[in-house]
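>>> The following comprises the amino acid sequence and a computationally predicted model.
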Amino acid sequence: MSVHELPLLPNVDRDAFRHAMARLGAAVNIITTDGPAGRAGFTASAVCSVTDTPPTLLVCLNRSASVWPIFRDNGYLCVNTLAAGHEGLSTLFGGKTPMEQRFAAADWHRLASGSPLLDGATVSFDCKITQVVSVGTHDILICEALALVRNDETHGLAWFDRGYHHLLRQDAR
Ligand SMILES: NC(=O)C1=CN([C@@H]2O[C@H](COP(=O)(O)OP(=O)(O)OC[C@H]3O[C@@H](n4cnc5c(N)ncnc54)[C@H](O)[C@@H]3O)[C@@H](O)[C@H]2O)C=CC1
Ligand SMILES: Cc1cc2nc3c(=O)[nH]c(=O)nc-3n(C[C@H](O)[C@H](O)[C@H](O)COP(=O)(O)O)c2cc1C
């Protein structure tokens, strides 16, 4: 069948898109920043590798989030990928909780950028924001990694079907 013969489909509305995206499992991350504009952090599943040269990730941030101007003005951030057991922390950074209360719930340290690194994250990427692209309601923050911290002892955490799932190796002995 050529592309011209495909049946016309109704437009994909917002709810249908979200229902569909709920089927797309993703890692859960806490994105943090600290600098002249202040300290902030939020939970994000919209995080993805872009290129390894230069080492680059992307993070999608809703411009209506209270943290948005702080990330824009600081220009640096840390992507902290959560481990199994971090579900409560993810919920805390998922909105509406005062910032001091979010950070008080875990231990943090700092590397080059000054952004908070989460102790016990499966991996942390300390980054500089090199480009910002606005699409619809969100800004795509293009982030170059300046430093990494890995923690190979942890199990991963995924957001799938609107809930948390622990990632355990099937071939673990
Ligand atoms: N990319 C984003 O901005 C995301 C935002 N959230 C926030 O957490 C709330 C709860 O999410 P769920 O329990 O997964 O149920 P949901 O039905 O609101 O969302 C299902 C899926 O749709 C996508 N999604 C949700 N809101 C979005 C948005 N504003 N822009 C682009 N994609 C979006 C995500 O992949 C999400 O897992 C959402 O309503 C939203 O406020 C959650 C996941 C991603
Ligand atoms: C599992 C999960 C994943 C989320 N992913 C994103 C995301 O990728 N991008 C985003 O802008 N917001 C995402 N959110 C919502 C933000 O975490 C939330 O809006 C943020 O904490 C800002 O809230 P505030 O305005 O109260 O500060 C997610 C929330 C949850 C619970």
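Cool, got the structure. Since the structure is predicted, the reported quantities are computational estimates derived from the model, not experimental observations. Residues are numbered from 1 along each chain as shown. Ligands and ions are numbered 1, 2, ... in the order given.

>>> And the residue nearest the centre of this structure?
What sits nearest the mean C-alpha location of the chain, by C-alpha atoms, centre = their mean, is Ala44, with 3.3 Å.

>>> isn't it right up against Leu57?
No. Between Ala44 and Leu57 there is no contact under C-beta atoms under 8 Å: 10.7 Å. All C-beta spots, glycine's among them, are computed from the backbone N, C-alpha and C.

>>> low-confidence ranges in the protein?
For the chain, residues meeting the criterion pLDDT under 70 lie at 1-10, 172-173.

>>> Where do the strands of it begin and end?
Listed in chain order, the strands of the chain (DSSP state E) span 26-27, 29-33, 40-44, 47-52, 55-62, 76-81, 108-110, 116-118, 123-135, 138-150, 156-160, 163-167.

>>> For the second one, which strands pair with it and how are they oriented?
According to DSSP bridges, strand 29-33 has the following sheet partners: strand 40-44 (antiparallel), strand 76-81 (antiparallel).

>>> Kindly report the same for the fourth one.
Sheet neighbours of strand 47-52, with direction, are listed as strand 55-62 (antiparallel) (DSSP bridges).

>>> to the chain's geometric centre, what's the distance from the partner strand?
Relative to the centre of its chain, strand 55-62 is centred 7 Å away, using C-alpha atoms, centre = their mean, to the nearest Å.

>>> check whether it contacts ligand 1.
Yes. Counting by C-beta under 6 Å from any ligand atom, ligand 1 is contacted by strand 55-62 at Cys60, Asn62.

>>> quick one on the thing from earlier: mind putting the strands paired with strand 29-33 into a markdown table with distance to ligand 2?
Formatted as a markdown table, those follow (distance: least, C-beta to the nearest ligand atom, whole Å):
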| stretch | distance to ligand 2 |
| --- | --- |
| strand 40-44 | 3 |
| strand 76-81 | 11 |
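
>>> Indicate which one of those strands is closest to ligand 1.
Of all the strands paired with strand 29-33, it is strand 40-44 that lies closest to ligand 1, at 7.0 Å by C-beta to the nearest ligand atom.

>>> and the angle for the closest one with strand 156-160?
For strand 40-44 against strand 156-160, the angle by axes from the mean of the first three to the mean of the last three C-alpha atoms, to 10 degrees is 70 degrees.

>>> Skipping its backbone neighbours, what lies nearest Leu57 in space?
Nearest non-adjacent residue to Leu57, counting by C-beta to C-beta, 6 or more residues apart in numbering: Cys143, 5.1 Å away.

>>> now the one you found, which residues is it bridged with?
Per DSSP bridges, the residues bridged to Cys143 are Leu57, Ile129.

>>> All set now, cheers.
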